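Asker: Okay, structure incoming, though there's no sequence with it:
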């Protein structure tokens with residue numbers, strides 16, 4: 001990858017505080033859309049939503065697929081700050097997508113990249129996406145662009161699909177051992193990305209976590225309390241979990257992704273807790289219990305209205 005010159009890096013650092021045009025990738029997803037909404041609400045910035053398809057959003061939309069470097073280069077033209085929301089799918093494709101985004105930012109002289117990464121960003125991790133996070137962070141450092149990196153924990157909202165199933169069966173059946181997770185609200189991650197986008201580059205990573213680190217027995221107990229239904233954690237062997245996913249019709253890639261994620265959980269790679277949400281946004285992070293209570297309230301209202 002072609003990096004920027006020393007003079008260009010100095011220019012990045014000089015104008016980073018005064019960025020006026022902010023692009024956000026992945027706006028077709030929930031996180032990217034939330035970041036755009038937060039930035040647009042201030043009315044202080046020219047916000048560009050970068051997505052694979054046309055969207056109905058209150059900002060300029062630029063159509064660019066992660067796989068199309070030329071389209072990304074066009075989408076990032078004139079951009080001061082890029083909020084780089086990571087791609088998804090098979091790891092080899094994600095790495096290709098991320099190379100395209102970083103090179104397009106370099107080619108356009110983007111002043112500041114605010115990048116989403118993971119709390120587990122390590123080439124030695126068993127988790128497939130931890131490896132892609134680590135490679136992407138290396139690409140970003142080598143790019144010469146000014147950086148702020150948000151290493152987010154696992155989203156509470158993402159974890160809900162296992163908890164919804166558990167509320168039906170009474171069992172949270174996962175191979176996490178006694179591993180702890182500092183589950184974080186997706187909304188808090190969006191708020192942190194938006195806050196970093198309008199500030200000067202920090203040149204470091206920020207661990208974006210929830211306010212507590214829970215093992216899955218604790219998550220199950222919270223779910224039982226907030227949803228008023230019995231739920232207990234059953235620690236599966238990894239082979240049992242793979243078999244259950246196969247019987248449920250899960251695709252081979254996601255079977256691999258989930259099994260490696262829970263191996264990283266067993267290794268306590270998602271256990272750390274930080275106060276970065278409060279520091280960056282001025283508001284405390286959202287607890288797992290709060291997300292569970294909000295979900296329960298939404299489901300009850302929906303059932304009462306039908």
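Answerer: Right, received. Where do you want to start? On a predicted model such as this, the values are computed, not experimentally measured, just so you know. Numbering: from 1, shown residues only.
Asker: If residue 152 is in a bridge, with which residues?
Answerer: residue 118, residue 208 (DSSP bridges).
Asker: Residue 189 is in what secondary structure piece?
Answerer: helix 186-197 (DSSP states H and E).
Asker: Which strands and helices lie in contact with that helix?
Answerer: When contacts are defined as 3 or more Cβ pairs under 8 Å, 6 or more residues apart in numbering; DSSP states H and E, helix 186-197 packs onto helix 30-42, strand 81-84, strand 112-118, strand 146-152, helix 156-169, strand 205-208, helix 276-281. The way it works is simple: take the backbone N, C-alpha and C, and place the C-beta from them, glycine included.
Asker: who's in contact with stretch 29-47?
Answerer: 19-27, 49, 51, 55, 57-60, 83, 85, 88, 116, 157, 186-187, 189-191, 193-194, 197-198 (Cβ atoms under 8 Å, 6 or more residues apart in numbering).
Asker: rerun that using 7 Å as the cut-off
Answerer: 20-22, 24-27, 49, 57-59, 83, 85, 186-187, 189-191, 193-194, 197-198 (Cβ atoms under 7 Å, 6 or more residues apart in numbering).
Asker: how far out from the middle of the chain is that stretch?
Answerer: Centroid displacement of stretch 29-47 relative to its chain, using Cα atoms, centre = their mean, to the nearest Å, is 15 Å.
Asker: Check the helices and strands packed on helix 186-197 for me and report the most buried one.
Answerer: Among the helices and strands packed on helix 186-197, judged by mean count of other Cβ atoms under 10 Å, the one packed with the most neighbours on average is strand 81-84 (a mean of 29).
Asker: Counting by contacts, list what that strand packs against.
Answerer: Here strand 81-84 touches strand 21-24, strand 112-118, helix 186-197, going by 3 or more Cβ pairs under 7 Å, 6 or more residues apart in numbering; DSSP states H and E.
Asker: Output the ones you listed as a markdown table; include the columns distance to residue 215 and mean pLDDT.
Answerer: Formatted as a markdown table, the helices and strands packed on strand 81-84 follow (distance: least, Cβ to Cβ, whole Å; pLDDT from 0 to 100):
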| stretch | distance to residue 215 | mean pLDDT |
| --- | --- | --- |
| strand 21-24 | 34 | 98 |
| strand 112-118 | 19 | 98 |
| helix 186-197 | 21 | 98 |
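Asker: Can you add distance to residue 232 and give the ones you listed back as TSV?
Answerer: Shown next, in TSV, are the helices and strands packed on strand 81-84 (distance: least, Cβ to Cβ, whole Å):
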stretch	distance to residue 232
strand 21-24	40
strand 112-118	28
helix 186-197	26
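Asker: Distance from the chain centre to stretch 248-260, please.
Answerer: The mean C-alpha position of stretch 248-260 is separated from the chain mean by 19 Å, Cα atoms, centre = their mean.
Asker: Residue 125 falls within a helix, correct?
Answerer: No: going by DSSP: H, G, I helix; E, B strand; the rest coil, the assignment for residue 125 is coil, not a helix.
Asker: number of nearby residues for it?
Answerer: 20 (other Cβ atoms under 10 Å).
Asker: Now for it: which residues touch it?
Answerer: Per Cβ under 7 Å, 6+ apart, neighbours of residue 125: 131, 264, 269.
Asker: can you tell me which of those residues are in helices?
Answerer: Per DSSP state H, helices hold the following members of those: 131, 264.
Asker: between the contacts of residue 125, which is nearest residue 111?
Answerer: residue 131 (28.5 Å; Cβ to Cβ).
Asker: Could you count how many residues lie near the nearest residue to that closest one once chain neighbours are set aside?
Answerer: Closest residue in space to residue 131, ignoring its immediate chain neighbours: residue 123 at 5.8 Å, by Cβ to Cβ, 6 or more residues apart in numbering. By the other Cβ under 10 Å criterion, the neighbourhood of residue 123 contains 11 residues.
Asker: Kindly report the same for the one 3 residues further on.
Answerer: Number of residues near residue 126 (other Cβ under 10 Å) recorded here: 18.
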